[in-house]
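Peer 1: the following block contains a protein sequence and its predicted model.
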Amino acid sequence: KNEVEQSPQNLTAQEGEFITINCSYSVGISALHWLQQHPGGGIVSLFMLSSGKKKHGRLIATINIQEKHSSLHITASHPRDSAVYICAVNLFNTDKLIFGTGTRLQVFP
Amino acid sequence: DGGITQSPKYLFRKEGQNVTLSCEQNLNHDAMYWYRQDPGQGLRLIYYSQIVNDFQKGDIAEGYSVSREKKESFPLTVTSAQKNPTAFYLCASIEGAHGGSYQPQHFGDGTRLSIL
């Protein structure tokens, strides 16, 4: 079993829909990251969380430390949101990142 | 603009050949990382370096080598000992060792390596 599990693996949506991507982890962590990988392969960091909730534009990330679960929400989705979204965690008290396998999102007009 | 530059974008390797992937950053970051990405798998750590002239093996270092002679540069050599080198390789950096303060990693755009 992977230490970081994401669901769903693939997601399709119509433009404007509200999207949720989930991440569960089974190890002790110091921080959790949400990353976005574009079709060309480059990766951008969206959020780093250690507790609570963060919002940036149409993106919202939440984390529940007790339940070892995080969600990434996209409001009013747009075709340009189409990408692979990756959850990664810092193992407790280290720089080491463990990555989920990613969720491929396609948003159609 | 500061960032990480990986080159080349695409690379082809012949049997028995060593190839070197370039990673350069102008962010003045101390720590640099090399990851390998395969379809259906999460990124896996190959090597990392927290300071110049020092580097550590990651989870899948066999068949790879690195150097860190300058702060800005962290090249990865895929040797002929790596029997399954076809993958997408990503370089990343952070400003410094965590010291209790975790930071997001900055990533390059990757190099796709294929076998001829």
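Peer 2: Everything's here; your move.
Peer 1: secondary structure element for the residue nearest the centre of chain B?
Peer 2: In chain B, the centroid-proximal residue (CA atoms, centre = their mean) is B:Trp34; its distance is 2.5 Å. B:Trp34 is located in strand B:31-37, with elements delineated by DSSP states H and E.
Peer 1: what does that strand contact?
Peer 2: Under the contact criterion CB atoms under 8 Å, 6 or more residues apart in numbering or on different chains, strand B:31-37 has outside partners A:95, B:21, B:23, B:25, B:43-51, B:58, B:60, B:64, B:66, B:68, B:74, B:76, B:87-97, B:105, B:110. To be clear about C-beta, it is placed using only N, CA and C from the backbone, and glycine gets the same treatment.
Peer 1: what's the mean pLDDT across it?
Peer 2: Rounded to a whole number, the mean pLDDT of strand B:31-37 is 95.
Peer 1: for the helix or strand just after that strand, packing partners?
Peer 2: Using DSSP H and E, the helix or strand that follows strand B:31-37 in sequence is strand B:44-51. Using 3 or more CB pairs under 8 Å, 6 or more residues apart in numbering or on different chains; DSSP states H and E as the contact test, the elements touching strand B:44-51 are strand B:31-37, strand B:54-57, strand B:64-66.
Peer 1: deepest of those strands, which one?
Peer 2: Scoring the helices and strands packed on strand B:44-51 by mean neighbour count under mean count of other CB atoms under 10 Å in any protein chain shown gives strand B:31-37 as the most buried, with a mean of 25.
Peer 1: got the angle for that one vs strand B:44-51?
Peer 2: 170 degrees (axes from the mean of the first three to the mean of the last three CA atoms, to 10 degrees).
Peer 1: which neighbours does strand B:31-37 have in its sheet, and in what orientation?
Peer 2: strand B:44-51 (antiparallel), strand B:87-94 (antiparallel) (DSSP bridges).
Peer 1: tell me the residues of chain B that contact chain A?
Peer 2: B:31, B:40-45, B:48, B:50, B:88, B:90, B:92, B:94, B:97-98, B:102-110, B:112 (CB under 8 Å from any CB of the partner chain).
Peer 1: got the residues of chain A near chain B?
Peer 2: Applying CB under 8 Å from any CB, we find that chain A lies next to chain B at A:2, A:4, A:30-31, A:33, A:35, A:40-45, A:48, A:50, A:86, A:88, A:90, A:94-102.
Peer 1: go with 10 Å
Peer 2: Listed as neighbours of chain B in chain A under the rule CB under 10 Å from any CB of the partner chain: A:2-4, A:6, A:9, A:29-35, A:37-38, A:40-50, A:84, A:86-88, A:90, A:93-102.
Peer 1: buried subset of those residues?
Peer 2: Burial by neighbour count, judged by 16 or more other CB atoms under 10 Å in any protein chain shown, picks out A:4, A:6, A:29-35, A:37, A:41-43, A:45-49, A:84, A:86-88, A:90, A:95, A:97-102 from the residues of chain A next to chain B.
Peer 1: show me where pLDDT drops low in chain A?
Peer 2: Judged against pLDDT under 70, the low-scoring parts of chain A cover residues A:1.
Peer 1: all strands of it, in order?
Peer 2: Assignment of strands within chain A using DSSP state E yields the ranges A:4-7, A:10-14, A:19-25, A:29-37, A:43-49, A:52-56, A:59-64, A:69-74, A:83-91, A:97-99, A:103-108.
Peer 1: mind giving me a markdown table with those and columns for distance to B:Thr5?
Peer 2: Listed next are the strands of chain A as a markdown table, based on distance: least, CB to CB, whole Å:
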| stretch | distance to B:Thr5 |
| --- | --- |
| strand A:4-7 | 28 |
| strand A:10-14 | 31 |
| strand A:19-25 | 29 |
| strand A:29-37 | 18 |
| strand A:43-49 | 14 |
| strand A:52-56 | 25 |
| strand A:59-64 | 27 |
| strand A:69-74 | 28 |
| strand A:83-91 | 21 |
| strand A:97-99 | 21 |
| strand A:103-108 | 26 |
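Peer 1: alright, calling it a day.
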